[in-house]
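> Starting from these lines, generate the structure:
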Amino acid sequence: MRERRSRGIALGAVAVLILFVGWTAWNAWSAARDLKEVERSALLLRQELEQGDADGARRALEDYQDHTRSAEGRTDGPTWWLLERVPVLGDDAEAVAVAASVLADLGDEGIPELVDAADLIAARSFNPSDHTFPLDTIASVREPARDSEQAFDDAAAVLADVDESALGGPVATRFIELRDIVLTARSTLGSAYRAAELMPSLLGAEGRRDHLLVFENNAELRSLGGLAGSISQIRADDGKVRIVQQEGTSQYGALERPVVPLTASEERVFGDTLGQWFMNASLTPDVPRASYLASQRWQRELGGDVDGVFFVDPVAVSYLLTATGAVNVPGYGVVTSADVVSKVENQIYLTAEDRAAQEDYQNAVAEAVFNTFAAGRGNPVDVIRMLGTAVAEGRIRMHSFVEAEQQQIAGTEIAGELSADDDEAQVGIYLNDALESKMTYYLQYDADVVARSCSGYSQEVAGSIRLANTASESVELPPSVTGIFPGGRFADEVEPGQQRVAVYLMAPEGGQIDELSLDDRAFDPVVTENYEGRPVAQVVTLLDPGETQHIDFQLRTGPGQTGAIELDVTPGAFPGSSAATVRSAC
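Now for the predicted structure:
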């Protein structure tokens with residue numbers, strides 16, 4: 001009898017165990033299904049927001065909230081609590097529960113504010129009209145943007161507390177993806193909040209503002225993007241904006257001494273030409289410094305206060321034209337997103353050898369596109385997305401000399417500062433035309449880096465740069481493009497169609513460049529200059545038409561720089577960018 005009772009108890013225990021395992025498996029499967037639906041709803045929500053469909057975004061949000069609440073409920077009971085304590089599986093179960101909770105919280109606070117903002121954008125409430133921006137509407141998104149940023153900031157902090165090294169393969173992969181998405185969203189929302197905070201002041205809500213709009217020419221590359229060719233003075237007063245003056249920088253020749261004293265580092269790396277020529281302000285990749293040099297030369301030559309400087313290149317303009325449509329340039333015809341880069345960076349040099357005529361055309365294009373944008377033409381969602389793309393690629397940068405305004409953008413992408421973050425490791429690859437030509441219109445290039453190892457609180461980073469001269473040997477280009485004039489400076493050194501390019505490789509502050517080679521020809525030793533504590537190596541190379549070359553390097557970050565690697569690359573005369581954030585090896 002006792003034996004039969006023991007057997008019954010054992011069988012009952014097994015039955016309970018089977019039921020528990022079955023219930024746990026069902027719960028886990030249901031939670032996985034809910035999270036899969038969350039992913040689908042989130043992708044749809046993102047698509048609706050990008051397209052400016054506020055109603056569709058609201059429906060997607062409701063679907064997202066239903067599934068996140070369900071997933072959170074399934075991972076928040078005693079069954080899941082026990083699962084989290086199972087050897088091997090426990091860490092994965094806990095990570096899934098954290099993810100479900102974070103996603104549910106974002107569905108309640110964080111994402112709804114974005115959908116509300118989409119209502120305003122879809123109604124074109126942000127669009128300027130007759131060169132006047134709606135300051136009150138722009139200011140109204142400051143609080144929602146800040147609240148949304150805070151929600152994503154809290155989510156990122158929760159996810160950061162999870163030890164991803166303890167997770168299994170699939171769970172680890174999806175968890176890291178979620179964390180990266182949240183971090184990216186937090187960064188984007190931070191930029192949105194700062195823009196909403198900053199825009200009214202920039203637009204003259206607190207008094208008149210005068211900014212310089214520097215139209216860079218990527219056909220003659222400089223570290224920041226392109227030669228500072230044509231410049232427009234833009235005045236903003238109580239939301240109304242207009243161009244009050246335009247200049248071509250070629251008429252302002254070299255000064256005997258730099259317009260402002262250069263640092264010893266600047267003299268060593270870039271030489272006095274950085275401050276002697278108006279057009280060479282963008283030779284430095286540091287936006288605050290380039291802005292100061294441009295503003296000081298403007299004030300020297302033309303006078304008047306300068307409250308800030310914007311750097312914009314033709315590729316950024318082409319992005320904007322995809323949102324506004326074709327623009328008529330009075331006296332010159334139409335420019336479109338497909339041809340504006342070739343017209344301002346190449347065709348004008350093929351048809352007009354006079355520098356004044358070239359700059360007049362570039363100024364006319366800048367003015368026509370600015371007027372179209374200020375008139376409110378174009379889908380606001382597309383305008384915002386295209387401007388965001390241009391900022392991400394380094395094609396739009398700005399600096400304000402109004403301290404409160406600069407504090408709002410400091411540390412963001414648009415500020416374009418050389419990083420001084422103790423944890424961040426910034427690697428810079430900066431290209432300059434070394435021929436006084438317009439040949440880098442034909443220069444295609446890309447770069448990449450990878451963090452190979454971490455030791456001694458620093459990282460070993462390897463990278464490469466590919467350079468390709470796409471000019472054709474069979475096409476004869478005029479001296480206004482090649483930069484090779486009979487009896488000129490480079491006539492005895494360079495053949496028409498060749499490109500002479502200076503590449504600056506800048507290691508992080510406190511780091512070092514260990515290896516450097518050009519097409520497997522090693523530089524030994526690697527000669528570097530010190531630029532404000534950052535080692536810089538320069539490679540000057542000559543590329544024949546159709547030729548491709550490769551630069552390879554290995555460097556070490558500074559002590560304590562164990563965070564992600566930020567790769568900063570000069571934007572070229574073609575869409576896209578190699579600039580990227582690369583995962584740390586630590």
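
> Let me see the contact set for the residue nearest to Thr273 when sequence neighbours are not counted.
Excluding the flanking residues, the one nearest Thr273 by CB to CB, 6 or more residues apart in numbering is Asn280, at 5.4 Å. All C-beta atoms are positioned from the backbone trio N, CA, C, and that covers glycine. Contact analysis of Asn280 by CB atoms under 8 Å, 6 or more residues apart in numbering lists 222, 227-228, 273-274.

> Narrow these to those in helices?
Judged by DSSP state H, those include 273-274 as members of helices.

> how about TSV for the contacts of Asn280, with neighbour count, distance to Ile348 and pLDDT added?
Formatted as TSV, the contacts of Asn280 follow (neighbours: other CB atoms under 10 Å; distance: CB to CB, whole Å; pLDDT from 0 to 100):
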residue	neighbour count	distance to Ile348	pLDDT
Arg222	28	19	98
Leu227	29	14	95
Ala228	28	17	93
Thr273	13	24	96
Leu274	24	26	97
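
> In space, not sequence, find me the middle residue of this protein.
Taking CA atoms, centre = their mean, the centroid of the chain lies closest to Ala392, which sits 2.0 Å from it.

> so Ser101 touches Glu72, yeah?
Yes: in this structure Ser101 lies within contact range of Glu72 using CB atoms under 8 Å: 5.5 Å.

> For Gln332, which residues are in contact?
Heads up, residue 332 is Tyr, not Gln. Shown in contact with Tyr332 (CB under 8 Å, 6+ apart): 361, 364-365.

> now, among those residues, which is nearest to Leu45?
The nearest member of the contacts of Tyr332 to Leu45, counting by CB to CB, is Val365 at 37.5 Å.

> Need phi/psi at that closest one.
Main-chain torsions, Val365, degrees, to the nearest 10: phi -70, psi -50.

> quick one: which helix or strand includes the closest residue in space to Ser453 that isn't next to it in sequence?
Excluding its sequence neighbours, the residue lying closest to Ser453 (CB to CB, 6+ apart) is Glu460, at 4.6 Å. Assessed by DSSP states H and E, Glu460 sits inside strand 458-469.

> which is the next helix or strand following that strand?
Next in sequence after strand 458-469, counting helices and strands by DSSP H and E, comes helix 479-482.

> Show me the contact partners of that next one.
346, 349-350, 352-353, 358, 435, 437-439, 441, 485-486, 488, 496-497.

> thinking again about what came up before, thinking the residue nearest to the centre of the chain is in contact with Glu413, fair?
Yes: under the criterion of CB under 8 Å, Ala392 makes contact with Glu413 at 6.4 Å.

> Can you report how many residues lie near the residue lying closest to Asp108 once chain neighbours are set aside?
Distance criterion CB to CB, 6+ apart; nearest residue to Asp108, sequence neighbours excluded, is Gln65 at 7.3 Å. Neighbours of Gln65 under the rule other CB atoms under 10 Å: 19.

> And the pLDDT for Gln65?
Turning to Gln65, the model gives it a pLDDT of 86.

> looking at this, it is in a helix?
Yes: counting by DSSP: H, G, I helix; E, B strand; the rest coil, Gln65 is found in a helix.

> Asn469 against Gln499, yeah?
Yes: between Asn469 and Gln499 there is a contact under CB under 8 Å: 4.9 Å.

> who's more crowded, those two?
Neighbours were counted for Asn469 and for Gln499 using other CB under 10 Å; Gln499 has more, 28 against 23.

> is it true that that one touches Gly546?
No: if you go by CB under 8 Å, Gln499 and Gly546 don't touch, sitting 11.0 Å apart.

> Return every residue with contacts to both of these two.
Common contacts of Gln499 and Gly546 (CB under 8 Å, 6+ apart): 469, 471.

> mind giving me the domain split of the chain?
Residue ranges for the domains of the chain, per automatic domain parsing: 19-202, 209-399, 419-582.

> The stretch 451-586 of the chain: strands as residue ranges?
458-469, 499-506, 512-518, 521-522, 529-531, 534-543, 548-556, 565-569, 580-582 (DSSP state E, counting those that start in this stretch).

> Ok, the stretch 251-400 of the chain next?
308-312, 327-329, 333-335, 396-400.

> sorry, back to before: and Gln408, which of the domains of the chain is closest to it?
The minimum distance between Gln408 and the domains of the chain falls on domain 19-202, with 4.5 Å, by CB to CB.

> what distance separates the closest one from the middle of the whole chain?
Its chain's C-alpha centre and that of domain 19-202 lie 22 Å apart, by CA atoms, centre = their mean, to the nearest Å.

> Tell me the secondary structure at the residue lying closest to Ala60 once chain neighbours are set aside.
Take Ala60 and drop its neighbours on the chain: the residue closest to it by CB to CB, 6+ apart is Leu45, 3.9 Å away. Classification of Leu45 by three-state DSSP places it in helix.

> What distance do you get for Leu45 to Asp180?
Distance, Leu45 to Asp180, by CB to CB, to the nearest Å: 18 Å.

> neighbour count winner among the two?
Leu45 (24 against 13).

> where does the stretch 301-450 of the chain have low pLDDT?
For the stretch 301-450 of the chain, the stretches with pLDDT under 70 are 420-422.

> just the helices in it please.
Assigned by DSSP state H, counting those that start in this stretch, the helices in the stretch 301-450 of the chain fall at 314-324, 340-342, 348-351, 355-374, 380-392, 403-409.

> would JSON lines of these with distance to Ala205 be doable?
Formatted as JSON lines, these follow (distance: least, CB to CB, whole Å):
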{"stretch": "helix 314-324", "distance to Ala205": "23"}
{"stretch": "helix 340-342", "distance to Ala205": "31"}
{"stretch": "helix 348-351", "distance to Ala205": "37"}
{"stretch": "helix 355-374", "distance to Ala205": "16"}
{"stretch": "helix 380-392", "distance to Ala205": "20"}
{"stretch": "helix 403-409", "distance to Ala205": "11"}
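
> Looking at those, spot the one closest to Thr173.
Minimum separation from Thr173 across the helices of the stretch 301-450 of the chain (CB to CB) falls at helix 380-392, 24.7 Å.

> Run the chain-centre distance for that closest one.
11 Å.

> That one packs against which elements?
Here helix 380-392 touches helix 2-51, helix 111-122, helix 314-324, strand 396-400, going by 3 or more CB pairs under 8 Å, 6 or more residues apart in numbering; DSSP states H and E.

> Can you mark which positions in that helix are buried?
The neighbour-count check on helix 380-392 (16 or more other CB atoms under 10 Å) flags 380-391 as buried.

> what does stretch 62-78 give?
Buried residues in stretch 62-78 (16+ other CB under 10 Å): 63-65, 67-75.
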